[in-house]
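Engineer: show me the folded form of this:
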Amino acid sequence: MAVDIFRSLLRHACEVLVFAALVVLQFRFGNLALQATAFNTMEDAAAFNQTFWMWAPPESTDSSSNSNNNYNSQSAKPSSPPSPYDHIVLQIRKDPSKASFLARNSIPVYLFPFQDPSAYYSKSPSPDMIHIESNGLYESSVFRQATEEERFYNPNAVWLTDVKASERIWCKRFTKKVLLAQEQRRERNMDITNATATSAATSSSRQLLPLQWPVFVVDFSDERTFQRCLNLEKAMGSDFVFYTKRSVVVDRYFNANNTNWVELGRKVLRHNNVNYAQMPLIVRTDIVNVTEQQLLQDYNNTKLQDPIERLWNRSVDVAHYWPSDGSTGIRQFQNALRDRVSQILEDELSTGSSYNIFCGITGTADVLGRRQPQVAYVQAMLDTKIVVVTQRDEWEDHFRLYEALISGAMVMTDQMITLSDLGLKNGTSIVEFHNAESLISLAKYYLSHEKERHSIAQQGRFIAMSRHRSWHRMEKLILGSIVTDCRHHSTTAAAVNSGSCPYTVHANEEANG
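Structural biologist: Residues are numbered from 1 along each chain as shown. Predicted coordinates for the structure are as follows:
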């Protein structure tokens, strides 16, 4: 009797071991086989194995969705979740060459609070969230807005929060969302772990999920403080929290009595032992769209890729879009430099001379002007030979710099410590002035040297269009580098050959030629 019992137990033990071995083989080789279908060769799939995880939502194994959402209906349940350090975004940030695998896959991005209106204090998203974040995901071929299901259960998803939109309590609200997602992943992992052999067949498409993933804290506001969320770092782990800031310049100030008006200050990329990536503003897509429309309508079907620097009827010599008396209706702070520049231009170039100078606001300014493209403003820049732009007194970067660059006018700016970080070079793609004397002398020089002016304007426009679009900024923010670059993708060969790249309204125009 005891021998029979022993034999029965031994037989059952062997069956369990065989079943476990089959599960391991199914997970290992079935998973690899499915991944191979997404790439050209088995070698490509093997190189990508354990890096770009396949996944399925909790209640769906619809094979028709495999190509879009990276479903894996073949893999059996794993014994432990993948390492969060193997997340594809972290892999690409470490080795940019791995971005090539995104040619057939897109990364879901959850935008908070853009995708969660209940989190807003204000009635609508900020202009930055619309122009940079939401539009950047829409334009980039490697990102998409995460669905409700994806943000919780897709192991390839990343999260992004805008500190400006949710005001002072963004940290608390965003951390609460993260903790909820972690709890849902934890419960899902427990369900899979506790699944019986009978239910394993139905749950074989479900993998355990890591409880950590990349989250990005972005700050495109005018604030000079360095935002940080300790609760978020505690919940997610500091290795998975990335901070970015629009202006990383501190100790900058304006003094009209100095030989150099602007004390440049210094760049701060690390504050309180935390890294902050510089993430400046962009060329707005709606401004590019209006520019294209105006060129087609008023300049004999001129296209964006045409040499618009040479437009024949640029009747305004120099423009600075700021009135000398400060009567703008815009918040009046940190504008002493702007006031001074307008006063100098009016006193030295406009009074008693043949130069046509404009200092003032064209179109609607402030919040409305940032939400909607101003046709009058775009037309004014197309009518101008030189556009002078100035930063706020104590920080750098603003939309007008990029808007002026794409207009085909030559751009002059006050000195900027981050100029080279933007890809701009003094005397080649932009012109810097440092006081009243250099402002006037340089403006006069380039008004009388047309070819040099056109060359600088052309180079500035190319840099703005090829490095500072919404999708460029989001790719730089999340992946650490720009991957949608028409100069480096064979799919855009037609666009390159036609000369339309990078002078397009939308990124998909580059891809389609």
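Engineer: how about the nearest residue to Thr413 once chain neighbours are set aside, phi and psi?
Structural biologist: Excluding the flanking residues, the one nearest Thr413 by C-beta to C-beta, 6 or more residues apart in numbering is Val389, at 5.1 Å. Just so you know, the C-beta spots here come from the backbone N, C-alpha and C atoms, and that holds for glycine as well. The phi/psi pair for Val389 (degrees, to the nearest 10) reads phi -120, psi 150.
Engineer: measure how buried Val389 is and give me the count.
Structural biologist: 24 (other C-beta atoms under 10 Å).
Engineer: pretty sure Asn426 contacts Glu432?
Structural biologist: Yes. Look at Asn426 against Glu432 with C-beta atoms under 8 Å: they come within range, at 4.6 Å.
Engineer: touching both of those two, which residues are there?
Structural biologist: When contacts are counted by C-beta atoms under 8 Å, 6 or more residues apart in numbering, Asn426 and Glu432 are jointly contacted by Leu419.
Engineer: more neighbours: which of those two?
Structural biologist: Under the neighbour definition other C-beta under 10 Å, Asn426 and Glu432 were set side by side, and Glu432 has more, 19 against 15.
Engineer: shouldn't the more buried one be in contact with Asp414?
Structural biologist: Yes. At 7.2 Å, Glu432 and Asp414 qualify as touching, with contact defined as C-beta under 8 Å.
Engineer: state the helix or strand in which Asp325 lies.
Structural biologist: If you go by DSSP states H and E, Asp325 is not part of any helix or strand.
Engineer: err, Asn275, not the other one
Structural biologist: Under the criterion of DSSP H and E, Asn275 resides in strand 274-278.
Engineer: what residues sit buried inside that strand?
Structural biologist: For strand 274-278, burial by neighbour count (16 or more other C-beta atoms under 10 Å) applies to Val274, Tyr276, Gln278.
Engineer: elements contacting it?
Structural biologist: Using 3 or more C-beta pairs under 8 Å, 6 or more residues apart in numbering; DSSP states H and E as the contact test, the elements touching strand 274-278 are strand 241-245.
Engineer: quick one: contacts of the strand it packs on?
Structural biologist: Against strand 241-245 from outside (C-beta under 8 Å, 6+ apart): 214-219, 226-229, 232-233, 274-279, 477.
Engineer: so what strands line up beside the helix or strand that that strand is followed by?
Structural biologist: Counting by DSSP H and E, the next helix or strand C-terminal to strand 241-245 is strand 249-250. Partner strands for strand 249-250, per DSSP bridges, with pairing direction: strand 266-267 (antiparallel).
Engineer: what does the partner strand contact?
Structural biologist: Val248, Val249, Val250, Asp251, Gln278, Ile417, Thr418.
Engineer: quick check: beta-bridge partners of the fifth one?
Structural biologist: Going back to what we said before, that points to Gln278. Per DSSP bridges, the residues bridged to Gln278 are Lys245.
Engineer: my guess is it contacts Leu269, does it?
Structural biologist: Yes. Using C-beta under 8 Å, Gln278 is in contact with Leu269, at 7.0 Å.
Engineer: need the CA coordinates for the helix or strand harbouring Ile344. PDB is fine.
Structural biologist: Applying DSSP H and E as the criterion places Ile344 in helix 336-344. The C-alpha trace of helix 336-344 is given here as PDB (Å, rounded to 0.1, in the frame of the first residue of the first chain):
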ATOM      1  CA  ALA A 336      13.400  96.200 -18.700                       C
ATOM      2  CA  LEU A 337      15.600  94.900 -21.500                       C
ATOM      3  CA  ARG A 338      12.700  94.700 -23.900                       C
ATOM      4  CA  ASP A 339      11.600  98.300 -23.100                       C
ATOM      5  CA  ARG A 340      15.200  99.500 -23.600                       C
ATOM      6  CA  VAL A 341      15.600  97.800 -27.000                       C
ATOM      7  CA  SER A 342      12.400  99.400 -28.300                       C
ATOM      8  CA  GLN A 343      13.400 102.800 -27.100                       C
ATOM      9  CA  ILE A 344      16.900 102.600 -28.700                       C
END
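Engineer: neighbouring strands - and their directions - for the next helix or strand after that helix?
Structural biologist: Heading C-terminal from helix 336-344, the first helix or strand you meet, by DSSP H and E, is strand 357-359. Applying DSSP bridges, strand 357-359 is found paired with strand 316-320 (parallel).
Engineer: quick one: the partner strand to helix 336-344, angle?
Structural biologist: Angle of strand 316-320 versus helix 336-344, following axes from the mean of the first three to the mean of the last three C-alpha atoms, to 10 degrees, is 150 degrees.
Engineer: distance from strand 316-320 to the middle of the chain?
Structural biologist: Distance, stretch centre to chain centre, for strand 316-320: 32 Å (C-alpha atoms, centre = their mean, to the nearest Å).
Engineer: how about stretch 464-480?
Structural biologist: 5 Å.
Engineer: then stretch 348-360?
Structural biologist: 39 Å.
Engineer: and for stretch 81-95?
Structural biologist: On C-alpha atoms, centre = their mean, the centre of stretch 81-95 falls 19 Å from the chain's centre.
Engineer: let me know the average pLDDT across that stretch.
Structural biologist: For stretch 81-95, mean pLDDT rounds to 93.
Engineer: mind showing which ranges of the protein have poor pLDDT?
Structural biologist: Where the chain drops to pLDDT under 70, the residues are 1-79, 117-123, 165-168, 196-206, 326-332, 365-369, 486-499, 508-513.
Engineer: wait, Glu292 touches Val505, no?
Structural biologist: Yes. Glu292 is within contact range of Val505, at 5.8 Å (criterion: C-beta under 8 Å).
Engineer: so for those two, which residues contact both of them?
Structural biologist: In contact with both Glu292 and Val505: Leu304, using C-beta under 8 Å, 6+ apart.
Engineer: ok so, going back, in the helix holding Ile344, which residues are buried?
Structural biologist: Result for helix 336-344 [16+ other C-beta under 10 Å]: buried residues Ala336, Leu337, Arg338, Asp339, Arg340, Val341, Ser342, Gln343, Ile344.
Engineer: now the two most distant members of these.
Structural biologist: Ala336 and Ile344 (12.6 Å; C-beta to C-beta).
Engineer: picking up where we left off before, out of the contacts of strand 266-267, flag the one nearest to His87.
Structural biologist: Using C-beta to C-beta, Gln278 comes nearest to His87 of the contacts of strand 266-267, at 23.1 Å.
Engineer: Ala181: neighbour count?
Structural biologist: Using other C-beta under 10 Å, the number of residues around Ala181 comes to 21.
Engineer: next: Phe242.
Structural biologist: Neighbours of Phe242 (other C-beta under 10 Å): 23.
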